[in-house]
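Peer 1: Fold the following.
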Amino acid sequence: MLALPIVTAWGPRWRLEIVPRPTAIMPPVSEVLLPAIASTDIGLPLSMPLLVPVSGWSWASTALVVYALGLVVFGGRLVVGTWRARALANHATLVQGRLTSEALSTPVTTGFVSPRVILPAGWPTWPSERLRAILAHESEHVRRHDTLVQWLALLNRSVFWFHPLAWWLQTYVKELAEEACDAAVIARGNDPVTYSEALLQCAESAAIAGGRVNAIGMTMPGSALPRRIRRILSPVHPPPVSTPRLVCAVILTASSAATVIIAAPGVTPTRSPLARPLLQAPAPAVAGGSPAFDVVSIKRNPERGTNYPLSPPVGGRLALRNQSVRSLISSSYRVQDYLIIGGPAWLRTDGFDIDAVVEATPAPPPPQMLLMIRTLLADRFRLVMHNERREFPIYKLVMARDDHRLGPNIRPADCVLRPLGGGPPPEGRQVFCGTNVGVGSMLVRGGTMALLAQQLGRYAGAGRPVVDATNLVGEFEWELKWTPESPDGNVPVDAVPIFTALQEQLGVKLEPSRGPVDVLVIDSVAPPSEN
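Peer 2: Numbers count the residues shown, from 1 in each chain. Predicted coordinates:
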C-alpha cells in the first residue's frame, strides 16, 4: 500500500482501455474568440488557454482539504509516538544489566535499527520461569524487527487514514507479530501454562496502571488475548511458513499492485488538476454542438508530408495538399510542434490531401474554421488528446543592456493591431497597424512585448516557448532580420543568428530557463479511411 502512491506518480506507464471514452463537446466559439496576433493569421495566438479555468469551490478541493487534515492529525500522532518511544529508551536505567523504566507497566521493545528491550520496574521480583519466557518473547521481536514493521504499518494507516483496509492491516500485522513470538517462546521449551500465566499477569498490570506504552509489547488487552492463550495451550501448533509459500505470496501481492497500476489512468506529477480531454472522437456536427464541415475528402499523398502552417481558407472551402497530421494539430490548436507530446511517427511523415467544404453563407470566421478542423481530426483520425502542464525548457525575453535601453530597430508605436472581430480602434488611437512575418524577417507595428515573445517562439525557430520578462508596457513597432537555420546544417559566413539579431537590433535577449508550460498529449489516433 505504501508503494502504490509512489509507483502511480513516478513509476512506468501502461494504458488499458476498459470502456470506450465518452464523447465530449469541443468548447464553444466564444471561448476562442481572442484578438489575432497578425492580420495574416487565420487562427489564434499561441498564448490561447487550452483549459477553461474552473472558478469556485469544488468537491475535489474539499476532499483534498479533508484528506490533508486527516494526514496532519494521524501523521502528527505517529511523530509524537515515535518521539515518546525514543525518549523512553533514552531515560531508561540499567538494573542488574537490563534496561528498566518506571513509566512502563509491561515489557516493551523499541527502536528501529537497534531494537532494545525495556522492562518495568518490578521485574526483579518475577519468578525465573516468567522472566525467561518474557525475555524469549521480546528477543523474538528484536530478531524479527517487528518495531520497524509496526511503524511502517502505522505510517500506512496515517497515509490511508480514510481506508478501512489500512486500519485492519495495522491491527492484523500486530496480531501476527505476537502470534509468531508466542510460537517462538513455546518452540524454545517454555511451559505453555507458565507462559500463559505471564501474559495474564502482564495484562493485569496494564489494567491496574490504566494504560500501556504504544509499542510492541508482551500483552494485547482485549479480544486478542483470550485467542492467543487458547492458541498457546492448544496441543497442535501451525507449522512455520515455508519459503515457496512466502515467494508465492510476494508474487501475488506484486501482481495485484501491477494490475491496479495498469488499470488506473496515467497521471504525472506535473499534470494540472484541472486537466481534461481537449478533443474526443467522434464529435457530433449538430446544432449547438461542435461545428463541422459539410463535405470532407481525405486522400493519402505518396510523398513525405509537410509540416507547414495551414493556408488561409478561401470562403467556406479548405484545400490542403500533402499536409501532415501533426501540422494540422499544431495549426488548429495554435501550439508549436515541440509542445505536442506522443503519437506514432506517421503523424509527422505521412501526408494527406484534404478538401473540406462548409455550405453555410456567409463563410464561417477563422476561429470557427479552426474548430471545424478539430472536429475533422476527431471524426476522421479518431484523435484523442488531453492537456497537461509540465516543467519545460523555456526562454525568458529580458533586456540585454544594463541601462535597459532598446535597440535601434524598435520604438514606441502610435497604433494598435486590428482585433480579429473588427470594430473601431481603442479610445485615443486612430490607426490600425499589422504584421508581416516571413522567413528570417519580422516587421510588426502596434505589438506588445508579449506578442514579440509569442512570435519568437512561433516563427523564429527558438525551439522553446518564450515568456516576456522585459516589464515593458505599451505598443511598439519593430523590424527584426536574422539568418534562419539551414536544413542541411550549412551556416553562411555572414549569418546573423536570431540570438545575436535580438541583442543588436532590438536590445533584448533570450535567457534559457525552465517553467510550467501547457502541452498537448496525444492519447490515441488512427489513420483515416480515404474517400
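Peer 1: Now do the buried residues in the stretch of helix or strand Leu78 belongs to.
Peer 2: Taking DSSP states H and E as the definition, Leu78 sits inside helix 59-91. Going by neighbour count (16 or more other Cβ atoms under 10 Å), the buried part of helix 59-91 is 74-75, 78, 82, 85, 88-89. In this view, the C-beta of every residue, glycine as well, is placed from N, C-alpha and C.
Peer 1: Strands of the stretch 101-250 of the chain, start to end?
Peer 2: For the stretch 101-250 of the chain, the strands defined by DSSP state E, counting those that start in this stretch cover 108-110, 116-120, 216-217.
Peer 1: Out of these, which gets the lowest mean score?
Peer 2: Lowest mean pLDDT of the strands of the stretch 101-250 of the chain: strand 216-217, a mean of 48.
Peer 1: In the sheet, which residues pair with Asp355? Tell me.
Peer 2: Per DSSP bridges, the residues bridged to Asp355 are Ser297, Ala319.
Peer 1: again but with Val521, I slipped
Peer 2: According to DSSP bridges, beta-bridge pairing links Val521 with Ile341, His386.
Peer 1: Now render the strands of the stretch 101-250 of the chain as JSON lines, adding distance to Arg230.
Peer 2: Listed next are the strands of the stretch 101-250 of the chain as JSON lines, based on distance: least, Cβ to Cβ, whole Å:
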{"stretch": "strand 108-110", "distance to Arg230": "24"}
{"stretch": "strand 116-120", "distance to Arg230": "26"}
{"stretch": "strand 216-217", "distance to Arg230": "20"}
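Peer 1: export the ones you listed to TSV and tack on mean neighbour count?
Peer 2: Output for the strands of the stretch 101-250 of the chain, formatted as TSV (neighbours: other Cβ atoms under 10 Å):
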stretch	mean neighbour count
strand 108-110	26
strand 116-120	22
strand 216-217	26
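Peer 1: of these, which approaches Ala400 most closely?
Peer 2: Comparing the strands of the stretch 101-250 of the chain by their distance to Ala400 (Cβ to Cβ), the top pick is strand 108-110, with 63.0 Å.
Peer 1: Which strands and helices lie in contact with the closest one?
Peer 2: helix 59-91, strand 116-120, helix 128-144, helix 146-159, strand 216-217 (3 or more Cβ pairs under 8 Å, 6 or more residues apart in numbering; DSSP states H and E).
Peer 1: if we go to 7 Å?
Peer 2: helix 59-91, strand 116-120, helix 128-144, strand 216-217 (3 or more Cβ pairs under 7 Å, 6 or more residues apart in numbering; DSSP states H and E).
Peer 1: Show me the contact partners of the helix or strand that the longest one is followed by.
Peer 2: The element immediately downstream of helix 59-91 (helix or strand, assigned by DSSP H and E) is strand 93-95. Residues from elsewhere that reach strand 93-95, judged by Cβ atoms under 7 Å, 6 or more residues apart in numbering: 100, 124.
Peer 1: Which positions in strand 93-95 come out as buried?
Peer 2: Per 16+ other Cβ under 10 Å, strand 93-95 contains no buried residues.
Peer 1: still on that earlier bit, ok and the helix holding Leu78 relative to strand 116-120, angle-wise?
Peer 2: Using axes from the mean of the first three to the mean of the last three Cα atoms, to 10 degrees, the direction of helix 59-91 lies 70 degrees away from that of strand 116-120.
Peer 1: just how off-centre is helix 59-91 within its chain?
Peer 2: 25 Å (Cα atoms, centre = their mean, to the nearest Å).
Peer 1: average model confidence for that helix?
Peer 2: Regarding helix 59-91, the rounded mean pLDDT is 88.
Peer 1: and that helix, what does it pack onto?
Peer 2: Other helices and strands packing on helix 59-91, by 3+ Cβ pairs under 7 Å, 6+ apart, are strand 108-110, strand 116-120, helix 146-159.
Peer 1: Tabulate the ones you listed in a markdown table, adding columns for distance to Pro492.
Peer 2: A markdown table is the format used below for those (distance: least, Cβ to Cβ, whole Å):
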| stretch | distance to Pro492 |
| --- | --- |
| strand 108-110 | 75 |
| strand 116-120 | 77 |
| helix 146-159 | 61 |
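Peer 1: quick one, which of these is nearest to Asn531?
Peer 2: Comparing the helices and strands packed on helix 59-91 by Cβ to Cβ, helix 146-159 comes nearest, at 54.4 Å.
Peer 1: Give the other helices and strands that the closest one contacts.
Peer 2: By 3+ Cβ pairs under 7 Å, 6+ apart, helix 146-159 packs against helix 59-91, helix 164-187, strand 216-217.
Peer 1: Now tabulate those in CSV and tack on distance to Ala378.
Peer 2: Output for the helices and strands packed on helix 146-159, formatted as CSV (distance: least, Cβ to Cβ, whole Å):
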stretch, distance to Ala378
helix 59-91, 26
helix 164-187, 40
strand 216-217, 59
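Peer 1: Of all these, which one comes closest to Arg445?
Peer 2: Closest among the helices and strands packed on helix 146-159, using Cβ to Cβ: helix 59-91, at 44.9 Å.
Peer 1: After the helix or strand containing Arg389, which helix or strand is next?
Peer 2: Per DSSP H and E, Arg389 falls inside strand 384-399. The helix or strand immediately downstream of strand 384-399 is strand 410-412, counting by DSSP H and E.
Peer 1: buried set for that following strand?
Peer 2: Neighbour-count burial for strand 410-412 [16+ other Cβ under 10 Å]: Ile410.
Peer 1: gap between it and the chain center?
Peer 2: With Cα atoms, centre = their mean as the basis, the mean position of strand 410-412 lies at 42 Å from the chain mean.
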